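Visitor: Provided below are the primary sequence and the corresponding predicted coordinates.
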Amino acid sequence: MKLSQLLSAAGARCPFDADVSALACDSREVVPGALFIAMEGARTDGRAYISDALARGAVAVVCRPPLPQAVPAAAVDDPRAALATIAAGFYGYPARELSLIAVTGTKGKTTTAHMLRDVLTAAGHPTGMIGTLGAYIGPTLLASPPNTTPEPIALHRTLRRMADAGCTHVVMEVSSQAMKLGRVAGLEFTAALFLNLSPDHIGKAEHADLDEYRACKAALFRQCRLAVGNGDDPSWPAMAAQLPPGTPVSSFGFGEDADVRALSAAPDPDRPLSTRLVLADGSSYCIPLPGAFNGEDALAAVALCRALGVGEDAIRAGLSAVCVPGRAQRYPAPAPYAVIVDYAHNGSSFHAILSALAEHRPRHIILVFGAGGDRPKLRRADMAREAAVWAHRAVLTADNPRSERTLDICRDIADALGSSIPWEIVPDRREAIFHALDLAGPGDVVALLGKGHEAYIEEDGVRRPFSEWAVLDEYFAVQR
C-alpha cells in the first residue's frame with residue numbers, strides 16, 4: 001500500500017511516497033518496507049528507537065513533532081490515534097465487514113465474552129472472539145496477544161483474518177487501558193455491554209484514580225449503536241450518559257427497574273456444579289459453571305442477545321454448553337469426585353469460587369494453590385483466610401514464584417492458615433496435584449487454583465511449560 005494513502009487517512013503529509021509492506025510500533029518488529037509509528041509509552045518514547053527502525057529497513061517514520069532531521073518522517077499530534085487509523089486502512093478496514101460487540105467491566109468480561117460467542121454461534125453466526133485468553137475463530141485459537149484488547153496493528157490484522165474466514169460477528173473484551181490508549185479508536189460497535197465497575201487497575205502505569213478509570217470505561221459507549229448495562233451497578237448511569245442521542249438502551253439486573261430482571265441465580269438441582277438462572281418473565285437457563293457470579297454473567301449475555309434479536313433456543317443452547325478455559329472449568333475426571341481448574345489468585349476471587357463450590361455441598365473441598373512471587377504478600381493472607389473459611393484441606397505448592405523461593409511463599413500461606421484446616425507443603429506443583437487427587441474420595445471437590453488457563457510456571461525470569469490439564473490427563477491415564 002502507498003505511504004501517501006495511509007498518511008492521508010491519518011491527516012498527515014509526507015513530501016515523498018513509498019510502498020509500505022508492513023506496520024510496526026516496536027522497532028524490534030520492523031522488517032524491510034515497514035512504516036514505523038513511534039509512540040510514547042509508560043516507560044519509554046518510541047522516538048528513541050527511530051534509528052534502530054531505519055536500520056532494520058523502515059521506509060518512513062510517523063511521530064510527534066519536531067521531526068528528526070534527515071529522516072523520512074511525517075508529523076502527527078497524536079501518534080496513537082494515527083496508528084489506529086493507519087492500521088485500519090492498511091488491513092482494508094475489516095471492522096466495516098463485521099458486527100463488533102464490546103464487553104467491558106471490572107469483572108466477568110472473559111466469561112461473558114465466551115457466553116456471547118457460544119450463543120451467537122448457536123444462532124448460526126460465524127463468530128470471532130478477542131480477549132484475555134486470546135483471539136479465536138469459533139473454538140480455534142488464532143493468537144495470544146499480551147493485552148486483553150490488542151494494540152491496533154494486531155487488532156486490525158486479527159479482524160482481517162476473521163473477516164476473510166467468514167466471520168460475521170466478533171465479540172471483544174474492551175479494557176479501560178484500551179480506551180485510554182486509543183486501541184479501538186475509530187471503531188463503531190454494533191453493541192456494547194457494561195457489566196460492573198469496582199476499584200481496580202489504579203496505579204502509576206494504569207489509571208490515576210477511580211474517576212479516570214470510570215471515565216475510560218464510559219468512553220466506549222460513545223462508539224456504539226446499541227447499549228446494554230447492569231442496572232444494579234451505580235456506575236451504569238455514567239456509562240449510559242455517553243451514548244449518542246437516540247441510541248437504543250436497556251438494562252439487566254435483579255432490581256425492580258431492570259428491563260431484563262432475574263429472580264435468582266442458584267445451584268441447579270438437576271446438574272452438579274452448575275447454576276440455574278431464573279428470570280422474572282418465567283424463563284430459565286442452565287449454565288454448567290458454579291456460582292451466582294457466573295449466573296450474573298449469563299444474565300448479561302441473555303440481555304444483550306435479546307437486544308440483538310437472538311432467539312431463545314440459541315441463547316439456551318449456547319449457555320448450556322459454555323466452557324471458559326481456566327475459569328471454574330471442570331475436568332472430566334473418571335472418578336467419584338469432581339476436579340475444578342480456576343484462575344483465582346487473590347482473596348476476592350478465592351471467595352467467589354470457593355463459596356460457589358460450597359453451595360453445592362461437597363463432602364470435602366481440597367485445595368491446591370500457591371501465590372505469585374514479587375506480588376503483595378497481603379494476597380497470601382487473603383487467600384489463606386478464604387481457604388480457612390470454605391475448604392477442608394490445602395496442599396500448598398508453586399504458582400509463579402518469580403524471584404522468590406516457592407518454599408518461602410508456601411510458609412507465608414501456612415502461617416496465615418495456622419491450624420484452621422489441615423495443610424501440607426508440596427513445592428512441586430505436579431506432585432501436589434497428584435497428592436491432592438490421592439486424598440480425594442466420593443463426593444469431594446479438588447480445586448486447583450491460581451494457574452487457570454496459564455500453561456507455564458515463571459521462576460527466576462524463565463517460563464517453563466506447565467499445564468494442569470496435562471498433569472490431570474497423566475494422573476487419570478495411570479489410574480485407568
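Guide: That came in fine, so what should we check first? Residues are numbered from 1 along each chain as shown.

Visitor: Okay, and Cys410 sits in which element?
Guide: In the assignment (DSSP states H and E), Cys410 maps to helix 406-417.

Visitor: I'd like to know which elements that helix is packed against.
Guide: Here helix 406-417 touches helix 378-390, strand 393-396, strand 423-425, going by 3 or more CB pairs under 8 Å, 6 or more residues apart in numbering; DSSP states H and E. To be clear about C-beta, it is placed using only N, CA and C from the backbone, and glycine gets the same treatment.

Visitor: neighbouring strands for the second one, and are they parallel or not?
Guide: I take that to be strand 393-396. strand 365-369 (parallel), strand 423-425 (parallel) (DSSP bridges).

Visitor: And the contacts of that strand?
Guide: Contacts to strand 393-396, defined as CB atoms under 8 Å, 6 or more residues apart in numbering, come from residues 364-370, 387, 410, 413-414, 417, 421-426, 432, 435-436, 439.

Visitor: For stretch 417-432, which outside residues touch it?
Guide: With CB under 8 Å, 6+ apart, stretch 417-432 has contacts from 368, 370, 384, 387-388, 391-399, 406-407, 410-411, 414, 435, 451, 457, 466, 468, 471.

Visitor: 6 Å instead, please
Guide: 368, 384, 388, 391, 393-398, 406-407, 410, 414, 435, 471 (CB atoms under 6 Å, 6 or more residues apart in numbering).

Visitor: what's the farthest-apart pair in these?
Guide: Spanning the widest gap among those are Ala388 and Val471, at 25.8 Å by CB to CB.

Visitor: mean confidence for the longest helix along the chain?
Guide: Secondary structure of the chain read by DSSP state H shows that its longest helix is helix 292-307. Averaging pLDDT along helix 292-307 gives 97.

Visitor: Please give me every residue in contact with Ala317.
Guide: Ala122.

Visitor: Looks to me like it is in a helix.
Guide: Yes. Ala317 sits within a helix when classified using DSSP: H, G, I helix; E, B strand; the rest coil.

Visitor: Tell me how this structure divides into domains.
Guide: Residue ranges for the domains of the chain, per automatic domain parsing: 3-90, 94-320, 329-479.

Visitor: And for the spatially closest residue to Thr110 that is not a sequence neighbour, the neighbour number?
Guide: Of all residues not flanking Thr110 in the chain, Thr132 sits nearest, at 4.8 Å (CB to CB, 6 or more residues apart in numbering). A count of nearby residues for Thr132, using other CB atoms under 10 Å, gives 20.

Visitor: what does Ala74 give?
Guide: Quick note: Ala74 (other CB under 10 Å) scores 24 neighbours.

Visitor: same deal with His392?
Guide: 15.

Visitor: Identify the residues contacting it.
Guide: Contacts of His392 by CB under 6 Å, 6+ apart are 364-365.

Visitor: if we go to 10 Å?
Guide: When contacts are counted by CB atoms under 10 Å, 6 or more residues apart in numbering, His392 touches 362-367, 421-422, 444-445.

Visitor: Among these, which one lies nearest to Thr190?
Guide: For the contacts of His392, the nearest to Thr190 is Val445 (39.6 Å; CB to CB).

Visitor: Can you report how many residues lie near the residue nearest to the closest one when sequence neighbours are not counted?
Guide: Of all residues not flanking Val445 in the chain, Pro362 sits nearest, at 4.3 Å (CB to CB, 6+ apart). Using other CB under 10 Å, Pro362 has 19 neighbouring residues.

Visitor: pLDDT score assigned to Pro362?
Guide: Predicted confidence (pLDDT) for Pro362: 97.

Visitor: for Lys204, same thing?
Guide: 60.

Visitor: what's the answer for the one 10 residues further on, then?
Guide: Turning to Arg214, the model gives it a pLDDT of 91.

Visitor: That one reaches Met239, doesn't it?
Guide: Yes. Counting by CB atoms under 10 Å, Arg214 touches Met239, with 8.5 Å between them.

Visitor: higher neighbour count, these two?
Guide: A count of neighbours by other CB under 10 Å puts Met239 above the other of Arg214 and Met239, at 25 against 17.

Visitor: check contacts around the more buried one.
Guide: Met239 neighbours (CB under 10 Å, 6+ apart): 104-105, 192-194, 197, 214, 217-221, 227, 229-230, 233, 249.

Visitor: Please narrow those to those residing in strands.
Guide: Residues of the contacts of Met239 located in strands (DSSP state E): 104, 192-194, 227, 229-230, 249.
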